[in-house]
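S.K.: Predicted model and sequence below, questions to follow.
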Amino acid sequence: MNMLMKRIAVMFLLTWCMGRPAEAGGPELRFNREGKFKIVQFTDVHFRYGNPASDIALERINEVLDAENPDFVIFTGDVIYSAPAEQGMRTVLELVAKRKIPFGVVCGNHDDEQGMSRGELLEVIRTIPYNLTARADGISGETNFILPVKSSCGDKAALVLYCFDSHSYSSVKGVRGYDFLKPDQIAWYRDNSRKYTEANGGRPLPSLAFFHIPLPEYNQAAGDEEAVLVGTRMEKACAPALNSGMFAAMKEQRDIVGIFVGHDHDNDYVVDWKGILLGYGRYTGGNTVYNDLPNGARVIEMTEGRHGVRTWVRLKGGRVINPVDYPEDFRKKGDPK
């Protein structure tokens, strides 16, 4: 009798587990049947709720989403620029959610200046359908999360998206300007990168990184006459004064194909720097803050199994500018293939 009861209990448990809905924090990301995965990056929407100057931002988001039909959308900070913060955040993000497109958000330096903290904003974001934004416990910042993208024909990860909270302003005595990625964030990235490499048979898994404030390496790359740069650079990168070593960690791990940021509204370039593509999104907002470029978005397309990326900028009326294929288009004459 006891053996029979045990068998019934085991069968019940198996049936219950198999019938449970997939949770894992939200919708699944996966390469399509053609082995492609498309991301749209919106950045610096600087949305002012109820202000007509922000209407053009909503128009451009709608237009880009309809034209590109992405698999995932990432907002790289400064989504809102006025109170009420919750209504502003919902207005922007629900444009993506209503299309049933998974999305993520990393905070910028202005998001938590509108009457709600980063943590409070995260709780709002989490209530919106198709959200994948999360918080890594015990790590500096609120919007640190990792999103694996599964293979087109299995459950194994084929791409990893590392999303970081780049904080706001320096709190280090004697150091002014913007904050930097913290040592615990770098260690968190290293640990997870190592795990994905081990699971991939010792081969680094192609990965992308997204955050708001650019690394100091952006200025190094843009100032190097030998570096290949495509796009518009109208201002120096407003990067932290201190270099905490994230770029060096990414080079050592050998998995990051490209880094994509926002923050500097008059830049939309991509530049090859020591084997990693450093990129800006395209300013997406309206005339609520400084801007000298027509608003738009960056589109990023990954091919399964390839350590490279195709990317372009989409503007009003279907206009596409600066399409590049990395690393092929960035090789100089005489470089090894």
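M.R.: Cool, the structure landed. Residues are numbered from 1 along each chain as shown.

S.K.: Please identify the buried residues of stretch 254-265?
M.R.: 255-265 (16 or more other C-beta atoms under 10 Å). C-betas here are computed from N, CA, C, even on glycine.

S.K.: Kindly reformat these as CSV containing pLDDT.
M.R.: Converted to CSV, the buried residues of stretch 254-265 look like this (pLDDT from 0 to 100):
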residue, pLDDT
255, 98
256, 98
257, 98
258, 98
259, 99
260, 99
261, 98
262, 98
263, 98
264, 98
265, 98
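
S.K.: Nearest to residue 171 among those residues?
M.R.: residue 263 (18.3 Å; C-beta to C-beta).

S.K.: can you pull the contacts of the closest one?
M.R.: By C-beta atoms under 8 Å, 6 or more residues apart in numbering, the residues touching residue 263 are 43-44, 77-78, 108-109, 212-214, 237-238.

S.K.: could you redo the last one with a cut-off of 10 Å?
M.R.: For residue 263, the contacting residues are 43-44, 76-78, 108-110, 166, 178, 211-214, 218, 237-239, 280-281, 283, by C-beta atoms under 10 Å, 6 or more residues apart in numbering.

S.K.: Distance of it relative to residue 58?
M.R.: Distance of residue 263 to residue 58, given as C-beta to C-beta, to the nearest Å: 21 Å.

S.K.: Residue 101 now?
M.R.: 16 Å.

S.K.: Please apply the same query to residue 26.
M.R.: Distance from residue 26 to residue 58, by C-beta to C-beta: 23 Å.

S.K.: swap in residue 232?
M.R.: Here the criterion is C-beta to C-beta. By it, residue 232 lies 23 Å from residue 58.

S.K.: likewise residue 202?
M.R.: Taken as C-beta to C-beta, the span from residue 202 to residue 58 is 46 Å.

S.K.: Which residue of those two possesses the greater neighbour count?
M.R.: With neighbours defined as other C-beta atoms under 10 Å, residue 202 and residue 58 compare such that residue 58 has more, 16 against 7.

S.K.: Helices of the stretch 201-337 of the chain, start to end?
M.R.: Counting by DSSP state H, counting those that start in this stretch, the stretch 201-337 of the chain has helices at residues 217-222, 246-253.

S.K.: Deepest in the core, which of these is it.
M.R.: A comparison of these by mean neighbour count, using mean count of other C-beta atoms under 10 Å, puts helix 217-222 on top with a mean of 20.

S.K.: avg pLDDT for it?
M.R.: Across helix 217-222, pLDDT averages out at 98.

S.K.: quick one: low-confidence ranges for the stretch 1-150 of the chain?
M.R.: 1-25 (pLDDT under 70).

S.K.: which residues of it fall in strands?
M.R.: Under the criterion DSSP state E, counting those that start in this stretch, the stretch 1-150 of the chain contains strands at 36-42, 72-76, 103-106, 145-150.

S.K.: which secondary structure elements does the shortest one contact?
M.R.: Right, the one you point to is strand 103-106. For strand 103-106, the packing partners by 3 or more C-beta pairs under 10 Å, 6 or more residues apart in numbering; DSSP states H and E come out as strand 36-42, strand 72-76, helix 85-97, helix 118-126, strand 145-150, strand 157-163, strand 207-210.

S.K.: Which one of those lies nearest to residue 315?
M.R.: Residue 315 lies closest, by C-beta to C-beta, to one member of the helices and strands packed on strand 103-106: strand 36-42, at 13.0 Å.

S.K.: any idea how far the closest one is from the chain center?
M.R.: 9 Å (C-alpha atoms, centre = their mean, to the nearest Å).

S.K.: ok so, going back, will you turn the helices of the stretch 201-337 of the chain into CSV that also has distance to residue 136?
M.R.: As requested, these are exported to CSV (distance: least, C-beta to C-beta, whole Å):
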stretch, distance to residue 136
helix 217-222, 23
helix 246-253, 15
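
S.K.: what about residue 318, how many neighbours?
M.R.: 10.

S.K.: Now residue 185: which helix or strand?
M.R.: According to DSSP states H and E, residue 185 maps onto helix 183-199.

S.K.: ok and that helix relative to strand 145-150, angle-wise?
M.R.: 20 degrees (axes from the mean of the first three to the mean of the last three C-alpha atoms, to 10 degrees).
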